[in-house]
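Enquirer: could you look at this predicted model? Sequence included:
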Amino acid sequence: MEGVGKFLDSVGTFFMGGDNLPWCEPDIIAGCEREVSEAGNEEQKNESLMRLAWALVHSRQPDDVNRGIGMIEASLENSNSPLQTKEKIYLLAVAFYRTGNYAKSRHLVDRCLEIQPDWRQAQNLSKVVEDKIARDGLIGMGLVAGAFGVAGLAIGGIVAAATSSKRKSTEKK
């Protein structure tokens, strides 16, 4: 019975989109917002803003994620180092994954891997994005095939009914 449970869990994970990206709770976001407002100097403020952006893009609330996207995009040009640019691009990739824009997420995570090919975090996100794209493609193909199957059955039923009534009218003559 344990094997069946594991199988059902894996099927559920497949269809529910089980990624291993962390989530962030509202109280953490509120703490990061306080930290930004209390920052003593520009360096502390920039570090606090990065933590807030991380928290926002890992939120379960779409408005938070979109706010994080806006913050990161606005600050991308002002990055102090290639490392900071890479981290911001990665956070954007996470955010676009969270919003369902998998093509944009894939493009951004590919940019991260161009900068640092051995970055494990970006490699993991790349796999998550590719798995989601493949899973959505399979589900989409299944839905299309199911729709064609239903349409085929309906057409088949109409043709069968027409043939049957044609046969009956021919037999009466």
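Expert: Structure received.
Enquirer: can you give me the strands in the chain?
Expert: With strands called from DSSP state E, the chain shows none.
Enquirer: so where's it shaky on pLDDT?
Expert: Applying pLDDT under 70 to the chain picks out residues 1-18, 138-173.
Enquirer: mind doing that once more with 50?
Expert: Within the chain, the segments meeting pLDDT under 50 span 1-17.
Enquirer: would you agree residue 108 is in contact with residue 88?
Expert: No: when contacts are counted by CB atoms under 8 Å, residue 108 is not listed as touching residue 88 (9.7 Å). All C-beta spots, glycine's among them, are computed from the backbone N, C-alpha and C.
Enquirer: which one of the two has more residues nearby?
Expert: Set side by side, residue 108 and residue 88 give different neighbour counts by other CB atoms under 10 Å, the larger being at residue 108 (24 against 21).
Enquirer: for the closest residue to the more buried one other than its chain neighbours, give me its contacts.
Expert: If the residues on either side of it in the chain are set aside, residue 108 comes closest to residue 93, at 3.7 Å by CB to CB, 6 or more residues apart in numbering. Residues in contact with residue 93 (CB atoms under 8 Å, 6 or more residues apart in numbering) are 105-106, 108-109, 112, 122, 125, 129.
Enquirer: neighbour-wise, give me the winner out of the residues you listed.
Expert: With neighbours defined as other CB under 10 Å, the most crowded of those is residue 109; it has 28 neighbours.
Enquirer: how far away is that one from residue 70?
Expert: Distance check for residue 109 against residue 70: by CB to CB, to the nearest Å, it reads 20 Å.
Enquirer: so which of the contacts of residue 93 comes closest to residue 50?
Expert: When these are compared for distance to residue 50, the smallest value, 15.5 Å, is given by residue 112; criterion: CB to CB.
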